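Engineer: Just the structure for this:
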Amino acid sequence: MAIGSTYKVVELVGSSSESVQQAIDGAIARAAQTIRNLDWFEVREIRGTIDGGAANWYQVKLGIGFRVDSGEDVSQD
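Structural biologist: The predicted model follows:
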């Protein structure tokens, strides 16, 4: 029987004073520093603050999925 991949999902909040896109990219870049096999993300919430009638800070809650290593992926050093 063929076995597909198994994934773990972590929840992160990215933030930026520039844009929603920067908040997303920042969260993914930070996760990539410590988590292997990043594969996908989903936006769960978008929120921010308002100053002077304009958005001035963005927060994006993400679910970030990564593939869990199989026994064959782990080296025996």
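Engineer: can we go C-alpha only for contacts and neighbour counts from here?
Structural biologist: Noted.
Engineer: remind me which residues of the protein are low pLDDT?
Structural biologist: 1-2, 71-77 (pLDDT under 70).
Engineer: So what's the residue count around residue 23?
Structural biologist: 23 (other Cα atoms under 10 Å).
Engineer: The one 3 residues further on too?
Structural biologist: The number of residues packed near residue 26 is 16, by other Cα under 10 Å.
Engineer: can you give me the helices for this structure?
Structural biologist: Applying DSSP state H to the chain gives helices spanning 20-32.
Engineer: Any idea what the spatially most central residue of it is bridged to?
Structural biologist: Centroid-nearest residue in the chain, with Cα atoms, centre = their mean: residue 64, separated by 3.8 Å. Counting by DSSP bridges, residue 64 forms beta bridges with residue 10, residue 41.
Engineer: Would you confirm that it contacts residue 38?
Structural biologist: Yes: using Cα atoms under 8 Å, residue 64 is in contact with residue 38, at 7.4 Å.
Engineer: need the contact list for residue 56.
Structural biologist: Applying Cα atoms under 8 Å, 6 or more residues apart in numbering, we find residue 56 in contact with 17-18, 48-50.
Engineer: Would you mind listing which of those are buried?
Structural biologist: For those, a burial check counting by 16 or more other Cα atoms under 10 Å picks out nothing.
Engineer: quick one: which of those is nearest residue 59?
Structural biologist: Nearest to residue 59 among the contacts of residue 56, counting by Cα to Cα, is residue 48 at 5.5 Å.
Engineer: and stretch 20-31, which residues are buried?
Structural biologist: Applying a neighbour-count criterion of 16+ other Cα under 10 Å, one finds 20, 22-24, 26-28 buried in stretch 20-31.
Engineer: chain center to it: distance?
Structural biologist: Remark: stretch 20-31 is offset 7 Å from the chain centroid, using Cα atoms, centre = their mean, to the nearest Å.
Engineer: Fine by me, we can end here.
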